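Q: Here is the input, now give the coordinates:
(2 chains)
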Number of protein chains: 2
Amino acid sequence: MKLLEERILQDGIIEDGAVLKVDSFLNHQMDVELFAEMGREWARLFAGDQVNKILTIEASGIGIACVAAQQFHVPVVFAKKNKTKNIAGDVYTSQVESFTHGRVYDIMLSKKFLLPSDRVLIIDDFLANGAALQGLIKLVRDAGATLVGAGIAIEKAFQPGGALIRSQGIRVESLARIRSMSENGIEFC
Amino acid sequence: MKLLEERILQDGIIEDGAVLKVDSFLNHQMDVELFAEMGREWARLFAGDQVNKILTIEASGIGIACVAAQQFHVPVVFAKKNKTKNIAGDVYTSQVESFTHGRVYDIMLSKKFLLPSDRVLIIDDFLANGAALQGLIKLVRDAGATLVGAGIAIEKAFQPGGALIRSQGIRVESLARIRSMSENGIEFC
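A: Coordinates of the predicted model:
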């Protein structure tokens, strides 16, 4: 998606040659008009797939998923990273290894919000090693729901997550796929 | 706001007489079309206030804030609850006592996303004791930005947060204000 690629080139910052910071428009400060364009693109790509629920993970996936969901006219449900008193006992769970935070954490989702009849589109901001996405896919499988595919904002295509998940037959639509990046710049696929 | 009050009566669940669960439409599964109506109401209430940024806090505030921000045509920035490698060193911080989680945590916000020239509307899902809102207000004050007010989805008006914050001269617009609740039902102000 040209608009997102241009925005990454304009406002993305590469640190230490390997970390892409897009916190001015994607995952700390959030450009909701860009998110709406991204939502329109996913709605076009997954038109006819009868998506009736969008699944994401806190925190930075939530804004993108909610704005995108308006294009699908479906509710969003997000997997939680922390136990809370406000979540019912009956949950699907999965483990995710975070490379950003350097730890393994549990994610969970109330069983009542993911049903066998659901046709689920997963939306998230980043795909790199695929750990979060694998965790979300497990929640969908455990619920017996149908996974339509995944809509990703930025895929680091030089990391293994995208290939791994596509090799499982899962459709992954990343709006910007980075082939390589360094202090010298970013190259898209 | 009638639509939100009706939805709380229809889908809200009261547990132990004191906990209102609205996780089927507000803070776990999220009804983005309801959020859009809420955004339109805040945009009407704060019309003319030249809001140029919406501030919220992860996780459950983000979806509401992002959908609402589309009505204001402004970016959202969210305060983070956990330290992450991806956040720059230069941050505003504040402490928040969580009654839900039973602990005190730090929230933080990159200084570059809150400027003295900003006119900030805070948006969050709940107002009860006011701890999260006080923490967000401190971030705005520390940045030297102008606080236009706060837009809250559900205020538990029988808890002290709303009165405390209004007594500081801050405009708080809660779309549903609960006067009392028990196993017998919910009464709005």
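Q: Any regions of chain A where pLDDT drops low?
A: A:82-89, A:100 (pLDDT under 70).
Q: what's near enough to touch the residue positioned nearest the centre of it?
A: Central residue of chain A (C-alpha atoms, centre = their mean): A:Asp124, 1.3 Å from the mean position. Residues near A:Asp124 by C-beta atoms under 8 Å, 6 or more residues apart in numbering or on different chains: A:Thr56, A:Ile57, A:Gly61, A:Ile64, A:Ala65, A:Ala132, A:Leu133, A:Leu136, A:Ala150, A:Gly151, A:Ile152, A:Ala153. Where C-beta positions appear, they are placed from N, C-alpha and C, glycine not excepted.
Q: Near the fourth one, how many residues? Count them for me, please.
A: Residues within reach of A:Ile64, counting by other C-beta atoms under 10 Å in any protein chain shown, total 30.
Q: now do A:Phe158
A: Neighbours around A:Phe158, by other C-beta under 10 Å: 15.
Q: How far off centre is the helix or strand harbouring A:Gln10?
A: Secondary structure from DSSP states H and E places A:Gln10 in helix A:2-11. Remark: helix A:2-11 is offset 18 Å from the chain centroid, using C-alpha atoms, centre = their mean, to the nearest Å.
Q: now stretch A:110-128
A: On C-alpha atoms, centre = their mean, the centre of stretch A:110-128 falls 10 Å from the chain's centre.
Q: Could you do stretch A:154-169 as well?
A: Per C-alpha atoms, centre = their mean, the centroid offset for stretch A:154-169 relative to its chain is 12 Å.
Q: Tell me if it is near chain B.
A: No - counting by C-beta under 8 Å from any C-beta of the partner chain, chain B is not contacted by stretch A:154-169; separation bottoms out at 12.9 Å.
Q: Show which residues not belonging to that stretch make contact with it.
A: A:4, A:8, A:20, A:22, A:26, A:125-131, A:133-134, A:137, A:150, A:152, A:172, A:174-181, A:189.
Q: List only buried entries from these.
A: Buried subset of the contacts of stretch A:154-169 (neighbour count, 16 or more other C-beta atoms under 10 Å in any protein chain shown): A:4, A:8, A:20, A:22, A:26, A:125-131, A:133-134, A:137, A:150, A:152, A:172, A:174-178, A:181.
Q: Identify those among those residues that sit within strands.
A: A:20, A:125-127, A:150, A:152, A:172, A:174-178, A:181 (DSSP state E).
Q: now for the residues you listed, which pair is the farthest apart?
A: Pairwise distances across these (C-beta to C-beta) peak at 21.6 Å, for the pair A:Ala150 and A:Met181.
Q: sorry, back to before: okay if I get the contacts of A:Asp124 as JSON lines plus distance to chain B?
A: Shown next, in JSON lines, are these (distance: C-beta to the nearest C-beta, whole Å):
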{"residue": "A:Thr56", "distance to chain B": "9"}
{"residue": "A:Ile57", "distance to chain B": "9"}
{"residue": "A:Gly61", "distance to chain B": "9"}
{"residue": "A:Ile64", "distance to chain B": "8"}
{"residue": "A:Ala65", "distance to chain B": "7"}
{"residue": "A:Ala132", "distance to chain B": "14"}
{"residue": "A:Leu133", "distance to chain B": "18"}
{"residue": "A:Leu136", "distance to chain B": "15"}
{"residue": "A:Ala150", "distance to chain B": "19"}
{"residue": "A:Gly151", "distance to chain B": "15"}
{"residue": "A:Ile152", "distance to chain B": "17"}
{"residue": "A:Ala153", "distance to chain B": "14"}
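Q: and the closest residue in space to A:Ala18 that isn't next to it in sequence, what does it touch?
A: Excluding the flanking residues, the one nearest A:Ala18 by C-beta to C-beta, 6 or more residues apart in numbering or on different chains is A:Met181, at 7.8 Å. Taking C-beta under 8 Å, 6+ apart, we find A:Met181 in contact with A:Ile14, A:Gly17, A:Ala18, A:Leu20, A:Lys156, A:Phe158, A:Glu187.
Q: Roughly how far does A:Met181 sit from A:Lys21?
A: From A:Met181 over to A:Lys21 the distance is 11 Å, taken as C-beta to C-beta, to the nearest Å.
Q: anything in contact with each of the two?
A: Counting by C-beta under 8 Å, 6+ apart, the residues touching both A:Met181 and A:Lys21 are A:Ile14.
Q: how near is A:Val19 to A:Phe99?
A: Taken as C-beta to C-beta, the span from A:Val19 to A:Phe99 is 10 Å.
Q: Strands of chain A, residue ranges please.
A: Under the criterion DSSP E, chain A contains strands at A:13-15, A:19-21, A:29-30, A:53-57, A:76-79, A:91-98, A:103-110, A:119-127, A:146-156, A:172-182, A:185-188.
Q: Neighbouring strands of the shortest one in the sheet, and parallel or not?
A: Pointing back at strand A:29-30 there. strand B:76-79 (antiparallel) (DSSP bridges).
Q: Dump the strand it pairs with to PDB, keeping only the CA atoms.
A: Extracted C-alpha coordinates of strand B:76-79, given in PDB (Å, rounded to 0.1, in the frame of the first residue of the first chain):
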ATOM      1  CA  VAL B  76      -4.600  10.000  19.300                       C
ATOM      2  CA  VAL B  77      -1.700   9.400  21.700                       C
ATOM      3  CA  PHE B  78      -1.900   6.800  24.400                       C
ATOM      4  CA  ALA B  79      -0.100   6.500  27.700                       C
END
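Q: How far does it sit from its chain's centre?
A: On C-alpha atoms, centre = their mean, the centre of strand B:76-79 falls 11 Å from the chain's centre.
Q: and it, which residues are buried?
A: In strand B:76-79, counting by 16+ other C-beta under 10 Å, buried: B:Val76, B:Val77, B:Phe78, B:Ala79.
Q: do the same with stretch A:91-107
A: So, applying 16+ other C-beta under 10 Å, buried residues of stretch A:91-107: A:Val91, A:Tyr92, A:Ser94, A:Val96, A:Ile107.
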